[in-house]
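> Quick one: sequence plus predicted model below, questions after.
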There are 2 protein chains.
Amino acid sequence: MAVSDLDSSLENLIKTFNELNASTVEELFSEPSPLEFMRYVARNTPFVIRGGASSWKATKKWNAAYLKTVLEGQSVNVAVTPFGNADAPTFSAQHQATVIAKPHEETQLFGDFFAYITQQETDPAFALDSEVRYAQTQNDNLRDEYLPLYPDALRDIPFARIALGKEPDAINLWIGNSRSTTCLHKDNFENIFVQIVGRKHFVLLPPLLHACVNEDLLLPATYVREGQGFTLRLDPDSPPVPLATWDPDDPERNASPVSALARPLHVTLDPGDMLYLPAMWYHKVKQSCIDDGEGFVLAINYW
Amino acid sequence: MAVSDLDSSLENLIKTFNELNASTVEELFSEPSPLEFMRYVARNTPFVIRGGASSWKATKKWNAAYLKTVLEGQSVNVAVTPFGNADAPTFSAQHQATVIAKPHEETQLFGDFFAYITQQETDPAFALDSEVRYAQTQNDNLRDEYLPLYPDALRDIPFARIALGKEPDAINLWIGNSRSTTCLHKDNFENIFVQIVGRKHFVLLPPLLHACVNEDLLLPATYVREGQGFTLRLDPDSPPVPLATWDPDDPERNASPVSALARPLHVTLDPGDMLYLPAMWYHKVKQSCIDDGEGFVLAINYW
């Protein structure tokens, strides 16, 4: 098979896929049964449940005042980056190469961290080039650092627990502001996102569009504080890792020969919305604060 | 990407697949719930239920005498081939090409058809090169030609109907003897096979092993009776159709560069056994009569 044959086979595959598949995410307005959920899992198809978590205590209670009270004196792990680019492909001038920019991690008092992200979001006098902080440890933190909040969330998503026959492996809290973006990547877990405060804007691509995302093997590097700024240091003894280098929001740059054929799905989660994101789907996640809100974005996900 | 890179990527994919996946078909000893079934559908994984249909009236009642009585005077559609090679890739000397050999179809009295297949199976004096007959119309024939038998089977497989949320599209009866083989192919349906009389021997390959089956575009041709024998005539105005040309039972012939890496799954259905065969899995099906049986093989499948 010649290379051009391969390209045209790929083109045909992607065009046929586009014809046969919806270009929007299916919307439900109540929870599916376990069996209905399993049909989505079997079809490897995402869906959003509008208002699926609107009756959760978390959705009703978690505002700035409540979080500050409940978590007063608590130390939390914070991911710090210069541009809100944790885990993103980033050109390192020093190494003259694109690397995976892993955040600098540090422990902060929750009150200090929370004051920083909300002021950065709402105070026009805050320096535009100031560092970006995001609580995003993804290590089951709702049942660890944020344990005082756990009773306000559900222990599991019942339709998913019953369908998959298991408890969640991890429940993660994500607290940040509009300056953080999670770049296009995939995870090997069935994923349910629950939006609590603010909005998350997802861009989704199914695994079949692998050839569109232009995965490349990149060396991992980690930000280290240096003076007022940051420098990237290559992780010792770390092999290169595959990462999508195409950004659906900047489609000309880093495009593969078939990137232009991809039709990404877009879906925005409002507070109380839930998203089922099947394993291995590529997703990019931006976030925004609500106009009259308190300057932060908070979500929970169940793996 | 050079061709050799593509080949080695494929090799790696298949080897990894082999390491991660079972080389035998999972065996259950009672029916799964709809949700348990849906987990197999979601994982695109076959299973066999030993004795799953052992209490069906069909399994208990359908012997030669019963079939001849119930279907007396009934005309049935019979697929006739010289070698039991219906729908198989077959070299046509006349066309100097491999074609898809579609059977000659004719209407016969059930009694005549049934006497032929059972005598061919059991009578040592029967000519070895005699034609092969197989009732295999796959057009929902249990609810049509074989309607008198329908009350002895189930209208649907309850766990599959509930899980998939629909009635079966077709229920097909297959009556033949050990001379018929269904060559390696795939169907775009979720499939449940129920063995009633005799044995079926399945060789299965998952869709991911597509590169191993060496699909080729072949012209369809149909057997026509000519004198005492048959000749193949190309179907007018029929475009070539992709068909697997590799035979896992003759692995040296028609092999692709990666066929040797395939590890086909083997499973034999005894009377009363059921097999879930996921859509798009490749399957080859041989059949055999039971030693002290009456010289025929009968199965039902639900699409």
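In hand now; what should we look at?
> Enumerate every residue touching A:Asp249.
Neighbouring residues of A:Asp249 by CB atoms under 8 Å, 6 or more residues apart in numbering or on different chains: A:203, A:284. Every C-beta, even on glycine, is put in place using the N, C-alpha and C of the backbone.
> go on, the one 5 residues further on?
When the contact criterion is CB under 8 Å, 6+ apart, the partners of A:Asn254 are A:214, A:245-247.
> ok, and the most crowded of those?
A:Trp246 (23 neighbours; other CB atoms under 10 Å in any protein chain shown).
> longest helix in chain A, by residue count?
In terms of residue count, the longest helix belonging to chain A (DSSP state H) is helix A:3-20.
> now the angle between helix B:3-20 and it, please.
For helix A:3-20 against helix B:3-20, the angle by axes from the mean of the first three to the mean of the last three CA atoms, to 10 degrees is 50 degrees.
> closest to chain B among the contacts of A:Asn254?
Distance to chain B across the contacts of A:Asn254 (CB to the nearest CB) is lowest for A:Asn214, with 12.7 Å.
> Could you measure from the closest one over to B:Leu205?
To B:Leu205, A:Asn214 is 31 Å away according to CB to CB, to the nearest Å.
> what's the nearest residue to the residue of the stretch 101-250 of chain A found nearest chain B if we skip its chain neighbours?
For the stretch 101-250 of chain A, the residue closest to chain B is A:Ala163, as judged by CB to the nearest CB, at 6.4 Å. Of all residues not flanking A:Ala163 in the chain, A:Pro34 sits nearest, at 4.0 Å (CB to CB, 6 or more residues apart in numbering or on different chains).
> Surely that neighbour and A:Gly165 touch.
No. Applying CB atoms under 8 Å as the test, A:Pro34 and A:Gly165 come out as separate, 9.4 Å apart.
> Comparing those two, which residue is more hemmed in?
The neighbour comparison of A:Pro34 against A:Gly165 (other CB under 10 Å) goes to A:Pro34, with 18 against 11.
> What are the boundaries of the strands in the stretch 101-250 of chain A?
A:104-109, A:132-134, A:171-176, A:182-185, A:191-197, A:199-205, A:215-226, A:229-234, A:241-244 (DSSP state E, counting those that start in this stretch).
> Now mean neighbour count, mean pLDDT and distance to B:Leu71 too, for those, in CSV please.
Listed next are the strands of the stretch 101-250 of chain A as CSV, based on neighbours: other CB atoms under 10 Å in any protein chain shown; pLDDT from 0 to 100; distance: least, CB to CB, whole Å:
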stretch, mean neighbour count, mean pLDDT, distance to B:Leu71
strand A:104-109, 14, 96, 76
strand A:132-134, 24, 97, 72
strand A:171-176, 25, 96, 61
strand A:182-185, 21, 96, 61
strand A:191-197, 23, 97, 54
strand A:199-205, 20, 97, 54
strand A:215-226, 16, 95, 59
strand A:229-234, 16, 94, 77
strand A:241-244, 18, 94, 60
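> I'd like those strands as JSON lines, with distance to chain B appended.
Formatted as JSON lines, the strands of the stretch 101-250 of chain A follow (distance: least, CB to the nearest CB, whole Å):
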{"stretch": "strand A:104-109", "distance to chain B": "32"}
{"stretch": "strand A:132-134", "distance to chain B": "33"}
{"stretch": "strand A:171-176", "distance to chain B": "22"}
{"stretch": "strand A:182-185", "distance to chain B": "21"}
{"stretch": "strand A:191-197", "distance to chain B": "15"}
{"stretch": "strand A:199-205", "distance to chain B": "19"}
{"stretch": "strand A:215-226", "distance to chain B": "13"}
{"stretch": "strand A:229-234", "distance to chain B": "27"}
{"stretch": "strand A:241-244", "distance to chain B": "13"}
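> Looking at those, which is nearest to B:Ala135?
With respect to B:Ala135, and counting by CB to CB, the nearest of the strands of the stretch 101-250 of chain A is strand A:199-205 at 47.3 Å.
> got the contact list for that closest one?
Strand A:199-205 is contacted from outside by A:25, A:46, A:184, A:193, A:212-213, A:248-249, A:262, A:264-271, A:275, A:277, A:281-290, A:297, A:299, using CB under 8 Å, 6+ apart.
> Filter those residues down to the buried ones and express that as a PyMOL selection.
In PyMOL syntax, the buried subset of these is picked out as below (16 or more other CB atoms under 10 Å in any protein chain shown):
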select buried, chain A and resi 25+46+184+193+212+213+248+262+264+265+267+268+269+271+275+277+281+282+283+284+285+286+287+289+297+299
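> residue ranges with poor pLDDT in chain A?
Scanning chain A for pLDDT under 70 picks out A:1-4, A:6.
> residue boundaries of the helices in it?
Counting by DSSP H, the helices of chain A are A:3-20, A:34-43, A:57-61, A:64-70, A:110-122, A:158-164.
> on that earlier part again, now, which of the contacts of strand A:199-205 lie within strands?
If you go by DSSP state E, these have A:184, A:193, A:265-269, A:275, A:277, A:282-288, A:297, A:299 in strands.
> Can you report how many residues lie near the closest residue to A:Phe110 other than its chain neighbours?
Leaving aside its chain neighbours, A:Phe110 sits nearest to A:Leu71 (4.1 Å; criterion: CB to CB, 6+ apart). Applying other CB under 10 Å, we find 21 residues neighbouring A:Leu71.
> thought A:Leu71 was touching A:Leu147?
No. Under the criterion of CB under 8 Å, A:Leu71 makes no contact with A:Leu147, lying 9.9 Å away.
> before we move on, the earlier item: out of the strands of the stretch 101-250 of chain A, nearest to B:Gln136?
strand A:199-205 (42.2 Å).
> So in that sheet, which strands flank that closest one, and in what orientation?
Using DSSP bridges, the strands paired with strand A:199-205 are strand A:265-269 (antiparallel), strand A:282-288 (antiparallel).
> what distance separates the last one from the middle of the whole chain?
Read it as strand A:282-288. Relative to the mean C-alpha coordinate of its chain, strand A:282-288 is positioned 5 Å out (CA atoms, centre = their mean, to the nearest Å).
> And the contacts of it?
Strand A:282-288 is contacted from outside by A:176-178, A:180-186, A:198-207, A:209, A:213, A:244, A:247-249, A:277, A:297, A:299, using CB under 8 Å, 6+ apart.
> Dump that strand to PDB, keeping only the CA atoms.
The C-alpha coordinates for strand A:282-288 follow below in PDB (Å, rounded to 0.1, in the frame of the first residue of the first chain):
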ATOM      1  CA  TYR A 282      -9.900  13.400  22.900                       C
ATOM      2  CA  HIS A 283     -11.100  16.500  24.900                       C
ATOM      3  CA  LYS A 284      -9.900  20.100  25.400                       C
ATOM      4  CA  VAL A 285     -11.400  22.000  28.300                       C
ATOM      5  CA  LYS A 286     -11.700  25.700  28.700                       C
ATOM      6  CA  GLN A 287     -13.500  27.400  31.600                       C
ATOM      7  CA  SER A 288     -15.300  30.600  32.200                       C
END
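> Could you measure from the nearest residue to A:Val41 once chain neighbours are set aside over to A:Gly293?
Nearest residue to A:Val41, sequence neighbours excluded (CB to CB, 6+ apart): B:Ala42, at 4.7 Å. The spacing between B:Ala42 and A:Gly293, counted by CB to CB, is 38 Å.
> can you check A:Ala160 too?
Relative to A:Gly293, A:Ala160 is positioned 28 Å away (CB to CB).
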